[in-house]
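**Student:** got a predicted structure here, sequence first:
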Number of protein chains: 4
Amino acid sequence: MTTQPAPIRVTVWGENVHEHRDAEVRAIYPDGMHATIAAGISEHLGERAVVRTATLDQPDQGLPPEVLEQTDVLTWWGHIAHGQVEDALVDRVCDRVRRGMGLLALHSAHLSKPFTRLMGTSCNLRWRNDGQRELVWTVKPSHPIADGIGDVFAVDAQEMYGELFDIPEPDELVFISSFAGGEVFRSGCCFARGYGRVFYFSPGDQEYPVYHNPSVRRVIANGVLWAYRSAGVLDTAYPVANAPAGWIEKTLAEQQE
Amino acid sequence: MTTQPAPIRVTVWGENVHEHRDAEVRAIYPDGMHATIAAGISEHLGERAVVRTATLDQPDQGLPPEVLEQTDVLTWWGHIAHGQVEDALVDRVCDRVRRGMGLLALHSAHLSKPFTRLMGTSCNLRWRNDGQRELVWTVKPSHPIADGIGDVFAVDAQEMYGELFDIPEPDELVFISSFAGGEVFRSGCCFARGYGRVFYFSPGDQEYPVYHNPSVRRVIANGVLWAYRSAGVLDTAYPVANAPAGWIEKTLAEQQE
Amino acid sequence: MTTQPAPIRVTVWGENVHEHRDAEVRAIYPDGMHATIAAGISEHLGERAVVRTATLDQPDQGLPPEVLEQTDVLTWWGHIAHGQVEDALVDRVCDRVRRGMGLLALHSAHLSKPFTRLMGTSCNLRWRNDGQRELVWTVKPSHPIADGIGDVFAVDAQEMYGELFDIPEPDELVFISSFAGGEVFRSGCCFARGYGRVFYFSPGDQEYPVYHNPSVRRVIANGVLWAYRSAGVLDTAYPVANAPAGWIEKTLAEQQE
Amino acid sequence: MTTQPAPIRVTVWGENVHEHRDAEVRAIYPDGMHATIAAGISEHLGERAVVRTATLDQPDQGLPPEVLEQTDVLTWWGHIAHGQVEDALVDRVCDRVRRGMGLLALHSAHLSKPFTRLMGTSCNLRWRNDGQRELVWTVKPSHPIADGIGDVFAVDAQEMYGELFDIPEPDELVFISSFAGGEVFRSGCCFARGYGRVFYFSPGDQEYPVYHNPSVRRVIANGVLWAYRSAGVLDTAYPVANAPAGWIEKTLAEQQE
């Protein structure tokens, strides 16, 4: 067991639209939000991860099969261009999650096509963009996504996301946020879908330097580790399968070989 | 509080295809499976429920808006005609669940369009149709869906449904089944989706008289009670909502009026 | 099914110590907090419930076997006298919960002996008594405990309870509170223990008129309905049971009789 | 990030009574069950873990403070001597779990004092010792405890453990077992308690060579990895803490230093 495990192949997908339109956004994220998110992951995971970025404006919307099929964990940030993401790509992303790829849905990705399809709910919420302070509270301190995160940390200025957040009840709830205006939000939520894991994390908006926040970066890196399936991604999706009499004995016998 | 609450409006939807094609199915369910399921609900709920049936071969596939919008709890059985259910109807069913309607997905409805869309997974499983005995074990005896159900009951002959059942981890797991061949199955699963509740219950196949089984009938009736939202179904779906500064104070003030 | 079900037998247990010591508490709750809590339940449940009160200063600490064994749902409020509750009574309360009695642990009952023993954790939390406003947010609007409760309601002045709240992750999380100081708290939590159900609800303190708040009263009444096991409380606790070969067949045969 | 993380300090605690009394048990486990369990963990984790054993007959029942406080993950096997474990030791074990130590409760440890106290339920179940085959089914294949485990594996001869298993509903259910007699059992269950994680895994009995089974060994090793808290074990238990006005600002300021 002294061999080093293969690094986690992370793809940071970014919509990359605001960065081109809005000078304020570009000032905060001169290389795009995806670059900052990717840097935060590398900062924490070092050689344990190989991180690349992909954006909507690239061929195949940044995720041609040869990229997606080489991705162990995909992070997704989108906002104003959710509708431009092609349904065929959404099919491929959801299929790969179900086969074992990890997915981190970040902030406004709550309304992205892959996330809403995997959740089965509207994923709607309340919002207000007035740069209020968000406090992020750890409520499941045994969870590895909370590693290195204390009882509470602050995002100094942020868009408010508030309940009701119309998601299925998470398998595990790691963080709850409060906002200066009084709202609360389930801001760190774990779900399993098929062989894959999904982590939703709400801090992060294009107008604020949230992805430069050290605690936010740490949570995202932790999320990558948690969502990574060390047993790998299946080659094919789990099918409806006829299981003829005797299949169990046959399966057990094959295990002996 | 001496007034009687309004009865629960239940619609039992059936695909109603096997009953026309297969004499064996008709022999077991001469009026259709939906009629038997409906009778089982009425048998237990009496005046607490008004039960009607609806089938795929009716206008608007049995669920025109005036029927669906008068339904508090919908039960769904389908098998070979999942693909015929129109997407617009699926949209309306899922929307109403999210606004508070209860949904019972029965047996092969694991692959129905409304259920898979609400789950966000493939809902695939293993199966074998050899009429084995299914034992249904109660694992959450505090749950009202288990009311009147003992530690275990039998379905004498049944199609085997086995793990892996590719669903999200249920909010609450009430029943686990075993089959004579050795397989297990999470056979009674509770989920919340938006303002509505979904119960999946696997016993029940067109080739066996499962919906005549007293315990199965009791579970389905219990499921109707559990899935019923006494606070009612919302008129409109929960939106993405801008929440301007002061909205909380305004909301609280309105509660005082 | 036209017969009326038997009413739910509710016992509201109160420590009843502050009410005797502190004139301010007595001014808010002249007949004791238990009387106000009981009135709130009766107000909503009417003939569906028969509500009695019991207090620590009564014989057998208010819960002699003949009272406890006639209780379907027990509500518990305690604070400075947790240590005075006899272990033998705690044994009997926990045993009855495990056999099917509902338990509502209110506010400072988070540290009561029955609740902590049923949880298996410290149930510690952060607190500050400065009469801040608490906002209670519904996060599972499909849940019957939220019936009649809107998206948010306020408790105008209240002791702050904040995370980390050291409980097991609830089976279902219905409410999250925020406080003016920025803290959050999982304020409405559902658990199952054996055949019984436990609901923890945090609003409520002796120094503030919280149990006169209409929304708080509604939630507690809803909690009674949810925690009530309509299938009844078992006569004896579930044992470690030897299950000899053939026990299943014998059990199934008995069901046929 | 090229530095190797510190190895996980695992202590395998064994009651070690059957091994001395029963020749049949000694024949299967000549060095004690704890030695076999420890070997299985080392086999899989290699240098990632430092594994020691501890037994009831040792001073301080094998877990003096200097051992327990150097343990990151504790595995526990007990059966006929549960009652001999001193309450003071149980206090220390539960306290350390709540501060972040992982705990694996194996087989008959379902009735051990630490496990039942952490669960808050009786943890009773049905059993029959007739050496039937157990099939262990994976129901959450995204979970790292299932890494390297297929859809199903067999334990050729085993004591039957069957539902109802009186535990709180697990945070995550990874395995369900079936037995040749028809019973089912939630055999792989994950719980969080405070800062620590608890995994219950039922395969394993003194009369059968279960801890020599390759899949069982793999699951236990996976369980150690899952239960390990990489952020470490807290020095002191989480207290009830007064949180004076301004504590949040002070805490955030300290994070900046």
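**Tutor:** It's in.
**Student:** what about the closest residue to residue A:158 other than its chain neighbours, how many residues nearby?
**Tutor:** Sequence neighbours aside, residue A:134 is the residue nearest to residue A:158 in space, at 4.4 Å (criterion: Cβ to Cβ, 6 or more residues apart in numbering or on different chains). Backbone N, C-alpha and C define where each C-beta goes, glycine included. Residue A:134 is flanked by 26 other residues according to other Cβ atoms under 10 Å in any protein chain shown.
**Student:** and the stretch 151-257 of chain A, which residues reach chain C?
**Tutor:** For the stretch 151-257 of chain A, the residues in contact with chain C (Cβ under 8 Å from any Cβ of the partner chain) are A:151, A:162-165, A:169, A:172-173, A:176-178, A:180, A:182-184, A:186.
**Student:** let's see it at 7 Å
**Tutor:** A:151, A:163, A:164, A:169, A:172, A:173, A:176, A:178, A:182, A:183, A:184, A:186 (Cβ under 7 Å from any Cβ of the partner chain).
**Student:** so the fifth one touches residue A:142, yeah?
**Tutor:** No - using Cβ atoms under 7 Å, residue A:172 is not in contact with residue A:142, being 9.6 Å away.
**Student:** partners of the residue nearest the centre of chain A in the sheet?
**Tutor:** In chain A, the centroid-proximal residue (Cα atoms, centre = their mean) is residue A:104; its distance is 0.6 Å. Counting by DSSP bridges, residue A:104 is bridged to residue A:75, residue A:199.
**Student:** also residue A:178?
**Tutor:** For residue A:178, the beta-bridge partners are residue A:135, residue A:184 (DSSP bridges).
**Student:** that one: how many residues sit nearby?
**Tutor:** Close neighbours of residue A:178, defined as other Cβ under 10 Å, add up to 32.
**Student:** give the contact list for it.
**Tutor:** For residue A:178, the contacting residues are A:135, A:184, C:178, C:182, C:183, C:184, by Cβ atoms under 7 Å, 6 or more residues apart in numbering or on different chains.
**Student:** surely the residue nearest to the centre of chain A meets residue A:223?
**Tutor:** Yes - using Cβ under 7 Å, residue A:104 is in contact with residue A:223, at 5.0 Å.
**Student:** for residue B:119, see how far away residue A:93 is.
**Tutor:** Distance of residue A:93 to residue B:119, computed by Cβ to Cβ, to the nearest Å: 17 Å.
**Student:** the stretch 101-250 of chain A: helices as residue ranges?
**Tutor:** In the stretch 101-250 of chain A, the segments counted as helices under DSSP state H, counting those that start in this stretch are A:113-119, A:214-227, A:247-256.
**Student:** could you dump the shortest one to PDB, C-alpha only?
**Tutor:** I take that to be helix A:113-119. This file holds the C-alpha atoms of helix A:113-119, laid out as PDB (Å, rounded to 0.1, in the frame of the first residue of the first chain):
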ATOM      1  CA  LYS A 113     -30.200  21.800 -15.700                       C
ATOM      2  CA  PRO A 114     -28.000  19.000 -14.300                       C
ATOM      3  CA  PHE A 115     -28.700  19.800 -10.700                       C
ATOM      4  CA  THR A 116     -32.500  20.200 -11.000                       C
ATOM      5  CA  ARG A 117     -32.800  17.100 -13.000                       C
ATOM      6  CA  LEU A 118     -30.900  15.100 -10.400                       C
ATOM      7  CA  MET A 119     -32.900  16.500  -7.600                       C
END
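**Student:** check whether it comes near chain B.
**Tutor:** Yes - in terms of Cβ under 7 Å from any Cβ, part of helix A:113-119 sits within range of chain B, namely A:117, A:118, A:119.
**Student:** can you list the residues of the stretch 1-150 of chain A near chain D?
**Tutor:** Checking the stretch 1-150 of chain A against chain D by Cβ under 7 Å from any Cβ, the hits are A:1-2, A:45-48, A:135, A:140-142, A:144, A:147-148, A:150.
**Student:** before we move on, the earlier item: which neighbours do residue A:104 and residue A:223 share?
**Tutor:** Listed as contacting both residue A:104 and residue A:223 by Cβ under 7 Å, 6+ apart are A:199, A:201.
**Student:** which stretches of chain A form strands?
**Tutor:** Assigned by DSSP state E, chain A shows strands spanning A:8-14, A:49-55, A:73-77, A:102-106, A:126-138, A:152-162, A:172-179, A:184-193, A:196-201, A:241-242.
**Student:** what's the spacing between the fourth one and its chain's center?
**Tutor:** The one in question is strand A:102-106. Relative to the chain's own centre, strand A:102-106 is displaced by 1 Å; criterion: Cα atoms, centre = their mean, to the nearest Å.
**Student:** ditto for the last one
**Tutor:** Put simply, strand A:241-242 sits 32 Å off its chain's centre (Cα atoms, centre = their mean).
**Student:** what pLDDT, on average, does it get?
**Tutor:** Averaging pLDDT along strand A:241-242 gives 92.
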